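Asker: need a structure here:
(chains A and B)
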Amino acid sequence: MKIKVKLFANLKDLAGVPEFEPDIKEGTKVSDFMLIICEKFPALKDMVETRRVFISINQDMAGKEDTLKEGDEIGLLPPFSGG
Amino acid sequence: MVRIQKEDFSIDEEVKNILKTSKSIGGVATFLGTARDISKGKDIEMISFEHYHGMAEKKLKELRDEILDNYDIIELSIVHRVGDVKPGDNIVLIVAAARHRAAAFDACRSCIDELKRVVPIWKKEITTEGDYWVEEHP
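Answerer: Predicted structure coming up:
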């Protein structure tokens, strides 16, 4: 199934792309998706392993056990620094 | 009462707008965040703000609703700039209006603390020694 992934701030710079549309297996959990991300973008591995990458699904924060669905918009979010 | 914009804002205008909402307002607390010229010993030339369009606006609205629910205030507005700002420029404005000052101060403080924690906005400092994405929010 296809999903849309958006990257922000330093994650976008490290990966070299602002977004991409991977084809992943149905039932993929956020935790599995993080492994896919590390494989596709090794430059993000350090940030993922040091828990500096948060995931949103359709613009709401997601947990590791959440499951991705066809057409979801996934955000790869580094720690926020607004204000 | 919640905006994300590239343009600068006027504190006077924002306060006037909030005062128009009720005659019961007896105190208005504001927090203005501005751009510093030095960060960790480095001279800042520019700060560039990026946001997750859609989600950042949604989280700001949720934050405003939460603060209105949890504090005895009458109105609350939040404006955050994105794009490039120079040292000394405005970044963020919180305006909290209440019947009495204590609730206005408390709501204003809580709002900026939570904004830094929950709203997907990121800051890149462009310094004389290179560009750095900021991860911490002191």
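Asker: Neighbours of A:Thr28, how many?
Answerer: Using other C-beta atoms under 10 Å in any protein chain shown, A:Thr28 has 18 other residues around it. In short, each C-beta sits where N, CA and C put it, glycine included.
Asker: which one is it nearest to, not counting chain neighbours?
Answerer: Nearest residue to A:Thr28, sequence neighbours excluded (C-beta to C-beta, 6 or more residues apart in numbering or on different chains): A:Leu68, at 5.0 Å.
Asker: That neighbour: neighbouring residues, count only.
Answerer: Look at A:Leu68: counted by other C-beta under 10 Å, it has 23 neighbours.
Asker: got the contact list for the residue of chain B found nearest chain A?
Answerer: Going by C-beta to the nearest C-beta, chain A is nearest to B:Ile121 of chain B, at 2.9 Å. With contact taken as C-beta atoms under 8 Å, 6 or more residues apart in numbering or on different chains, B:Ile121 is in contact with A:Phe80, A:Ser81, A:Gly82, A:Gly83, B:Ile4, B:Phe49, B:Glu50, B:His51, B:Tyr52, B:Ala56, B:His80, B:Val82.
Asker: do A:Glu26 as well
Answerer: Taking C-beta under 8 Å, 6+ apart, one finds A:Met1, A:Glu70 in contact with A:Glu26.
Asker: Also the one 4 residues further on?
Answerer: Residues in contact with A:Val30, defined by C-beta under 8 Å, 6+ apart, are A:Ile55, A:Ile57, A:Ala62, A:Gly63, A:Lys64, A:Glu65, A:Asp66, A:Thr67, A:Leu68.
Asker: For it, give its distance to chain B.
Answerer: According to C-beta to the nearest C-beta, to the nearest Å, A:Val30 and chain B sit 16 Å apart.
Asker: Any figure for the gap between that residue and A:Gly71?
Answerer: 16 Å (C-beta to C-beta, to the nearest Å).
Asker: List the pairing partners of the helix or strand bottoming out on mean pLDDT in chain B within its sheet, with orientation.
Answerer: For chain B, the helix or strand with the lowest mean confidence is strand B:38-39, at a mean of 91 (criterion: mean pLDDT, DSSP states H and E). Looking at strand B:38-39 with DSSP bridges, its partner strands are strand B:42-51 (antiparallel).
Asker: ok now the strand it pairs with, how far from the chain's centre?
Answerer: Relative to its chain's centre, strand B:42-51 lies at 16 Å (C-alpha atoms, centre = their mean, to the nearest Å).
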